[in-house]
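[1] Sequence isn't available, so here's the structure alone:
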């Protein structure tokens, strides 16, 4: 089905001319005024509105504002005379996509419309990617809108449909297995098996047998043939976690699986077994350094790292903490049948100050602890684990966040005229008040989203132990 376009202009010959020019490529509607346009939008799905900024007695800017205030607004492109360019620019600041000046060049207009629609499709693809990840992995899903996490999402989207081997690197608890699961879920083989092997949990002999299987009598206790994980996952994905722990003999066998042969031999066997698997590996070690030290094969390292993905530690993306907290809070409240729906500002401040050596896994555990300990609808400072409550490094502004529990530490008396600190507190309150939507928070503060991101980076630079505060929505 072609995209739908609503043309709004109070001049009939303009409406009819545009409709005749565009109806071969798009489903077109027309309206002559403010109310007529709203009637069409309410009655039918509209992908894009092409509207004049001058609509006789009605204000075209009022129509643009009304359209952009809808829960799921169509794209808006404005038509204007040269004398109204300033008004069109102002409308773009409020969310309109672009404007064209009259007299119109139909070819350029159609290109602009196509570009706008492609842009919307790209946004939808990113949202759908995040929805798939969220639906697939529940509470421990990949969450974040920080720049480093957007890079991870972009890489997943680009690499998932291919056969490329992926090496996921990062500290423990950063979510490396979630990336592997997302790559599988978004691949061309999502209905096939996803088989995970934690290499560090097995001895070298057991690991080799676990991965490649063994023949009857291959070693003491091998009473029958065993099919290994690679055969079990044929047509699907094998995820090797902590791959830096595998021994030299297993490394050699992995090379054959990743080579052109795509084959291996079971332990105690000599017949090659061919498999079609996507291999994803993960490690919290520096494999390049291990190669230099002679502890890991260089050729295997290059085969594994066709596409490297680095999961950032939580301390490097603290702007994602409020968003993670909201997801964990909701999940654990439902799981424990507790009416905890909010988190106190003082508790959030403590979470933002903590360095999180255990990364997202540690944060998840802290919120689970907090939900279990909470006695009301709000998770308070006192409900957090002791390590989080004591791990403070950035002082709070006086009286910014009331802590009423008797064992809560007193707040240092900071200078109330410290504008930077007050700005920090104001930004946090705006973010908290919008339920994690950074765009709405920026509007509340009267600044652009880009400016808000810059201010958060400035805060991070001013307090090297605390990353900037920000959280966002995937809805």
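    Arrived safely. None of these values were measured; they are calculated from a predicted model.
[2] what about the protein, any weak spots by pLDDT?
    Within the chain, the segments meeting pLDDT under 70 span 57-58, 82-83, 125-141, 392-425, 432-438, 456-475.
[3] can you pull the buried residues of stretch 69-80?
    For stretch 69-80, a neighbour-count test (16 or more other Cβ atoms under 10 Å) marks 73, 74, 75, 76, 77, 78, 79, 80 as buried. Where C-beta positions appear, they are placed from N, C-alpha and C, glycine not excepted.
[4] Please parse this structure into its domains.
    Here the domain parsing of the chain from automatic domain parsing is 4-121, 142-312, 316-462.
[5] Find out how far the first one is from the centre of the chain, if you would.
    What it means is domain 4-121. In terms of Cα atoms, centre = their mean, to the nearest Å, the centre of domain 4-121 is found 32 Å from the chain centre.
[6] what do you get for the longest one?
    Taking the mean C-alpha point of domain 142-312 and that of its whole chain, the gap between them comes to 24 Å (Cα atoms, centre = their mean).
[7] Now do the end-to-end distance for it.
    12 Å (Cα to Cα, to the nearest Å).
[8] Residue 280 touches residue 180, doesn't it?
    Yes. In this structure, residue 280 is within contact of residue 180 by Cβ atoms under 8 Å, at 4.5 Å.
[9] quick one: the strands in the stretch 351-475 of the chain?
    378-379 (DSSP state E, counting those that start in this stretch).
[10] circling back to that earlier point, need the max-distance pair from the buried residues of stretch 69-80.
    Using Cβ to Cβ, the two most remote members of the buried residues of stretch 69-80 are 73 and 80, lying 19.2 Å apart.
[11] the helices in the stretch 1-150 of the chain, which residues?
    For the stretch 1-150 of the chain, the helices defined by DSSP state H, counting those that start in this stretch cover 12-22, 34-43, 60-68, 85-93, 106-137, 147-159.
[12] got a list of what the nearest residue to residue 95 once chain neighbours are set aside touches?
    Among residues not flanking residue 95 along the chain, residue 68 sits closest, at 4.5 Å (Cβ to Cβ, 6 or more residues apart in numbering). By Cβ atoms under 8 Å, 6 or more residues apart in numbering, residue 68 lies in contact with 76, 94, 95, 96.
[13] Please name the residues that touch the residue lying closest to the last one once chain neighbours are set aside.
    If you skip the residues right next to it in sequence, residue 96 has residue 76 as its closest partner in space, 4.3 Å away by Cβ to Cβ, 6+ apart. Residues near residue 76 by Cβ under 8 Å, 6+ apart: 48, 49, 51, 64, 67, 68, 91, 95, 96, 97.
[14] Type out the ChimeraX command that picks the buried ones from the residues you listed.
    Listed next is the ChimeraX selection for buried residues among these, using 16+ other Cβ under 10 Å:
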select :48,49,51,64,67,91,96,97
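[15] and which of the contacts of residue 76 is nearest to residue 358?
    Of all those, residue 95 has the smallest distance to residue 358: 39.9 Å, by Cβ to Cβ.
[16] Just list the residues touching that closest one, thanks.
    Contacts here follow Cβ under 8 Å, 6+ apart; on that basis residue 95 touches 68, 73, 76.
[17] What does it show for phi and psi?
    With angles defined as degrees, to the nearest 10, residue 95 sits at phi 130, psi -10.
[18] roughly how far apart are it and residue 177?
    Separation of residue 95 from residue 177 (Cβ to Cβ, to the nearest Å): 38 Å.
[19] rewinding a little: in terms of neighbours, single out the busier of residue 280 and residue 180.
    Comparing residue 280 with residue 180 by other Cβ atoms under 10 Å, the one with more neighbours is residue 280, at 30 against 25.
[20] Doesn't that one lie inside a helix?
    No. Looking at residue 280 with DSSP: H, G, I helix; E, B strand; the rest coil, it is strand, so not inside a helix.
[21] and it, what are its bridge partners?
    According to DSSP bridges, the partner residues bridging residue 280 are residue 166, residue 239.
[22] On the strand side of things, show who the residue nearest to residue 96 bridges to.
    Beta bridges link residue 76 to residue 49, judged by DSSP bridges.
[23] cool, residue 198 as well?
    Counting by DSSP bridges, residue 198 is bridged to residue 241.
[24] these two touch, right, it and residue 241?
    Yes. Under the criterion of Cβ under 8 Å, residue 198 makes contact with residue 241 at 4.8 Å.
[25] Same drill for those two, tell me which one is more crowded.
    A side-by-side neighbour count of residue 198 and residue 241, using other Cβ under 10 Å, places residue 241 first with 20 against 15.
[26] And that one, how far from residue 178?
    Note on residue 241: its distance to residue 178, by Cβ to Cβ, is 12 Å.
[27] Residue 322 sits in which helix or strand?
    helix 321-335 (DSSP states H and E).
[28] quick one: the nearest residue to residue 156 once chain neighbours are set aside and residue 390, what's the gap?
    Counting by Cβ to Cβ, 6+ apart, residue 156 lies nearest to residue 182, which is 5.3 Å off, once chain neighbours are set aside. According to Cβ to Cβ, residue 182 stands 35 Å off from residue 390.
[29] out of the two, which sits in the busier spot?
    Neighbour tally, residue 182 and residue 390, criterion other Cβ under 10 Å: the higher count belongs to residue 182, 24 against 11.
[30] ok, that one touching residue 143?
    No. The criterion here is Cβ under 8 Å, and residue 182 misses it with residue 143 at 11.8 Å.
[31] before we move on, back to that, CSV for the helices of the stretch 1-150 of the chain, including distance to residue 290?
    Shown next, in CSV, are the helices of the stretch 1-150 of the chain (distance: least, Cβ to Cβ, whole Å):
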stretch, distance to residue 290
helix 12-22, 60
helix 34-43, 60
helix 60-68, 54
helix 85-93, 52
helix 106-137, 30
helix 147-159, 23
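[32] winner for burial among these?
    Of all these, helix 60-68 carries the top mean neighbour count, a mean of 19, counting by mean count of other Cβ atoms under 10 Å.
[33] by how many degrees do it and helix 85-93 diverge?
    10 degrees (axes from the mean of the first three to the mean of the last three Cα atoms, to 10 degrees).
[34] could you check the angle helix 34-43 makes with helix 60-68?
    Calculated by the same axes, to 10 degrees, helix 60-68 forms an angle of 10 degrees with helix 34-43.
[35] Backbone dihedrals for residue 226, please?
    Here is the backbone geometry of residue 226 (degrees, to the nearest 10): phi -120, psi 130.
[36] residues contacting it?
    209, 213, 214, 266.
[37] Out of those, the closest to residue 156 would be?
    Nearest to residue 156 among those, with distances taken as Cβ to Cβ, is residue 213, at 30.5 Å.
[38] what number of residues lie near the closest one?
    By the other Cβ under 10 Å criterion, the neighbourhood of residue 213 contains 23 residues.
[39] can you give me the helices in the stretch 351-475 of the chain?
    Ranges of helices in the stretch 351-475 of the chain, per DSSP H, counting those that start in this stretch, are 359-373, 386-390, 419-433, 438-445, 449-462.
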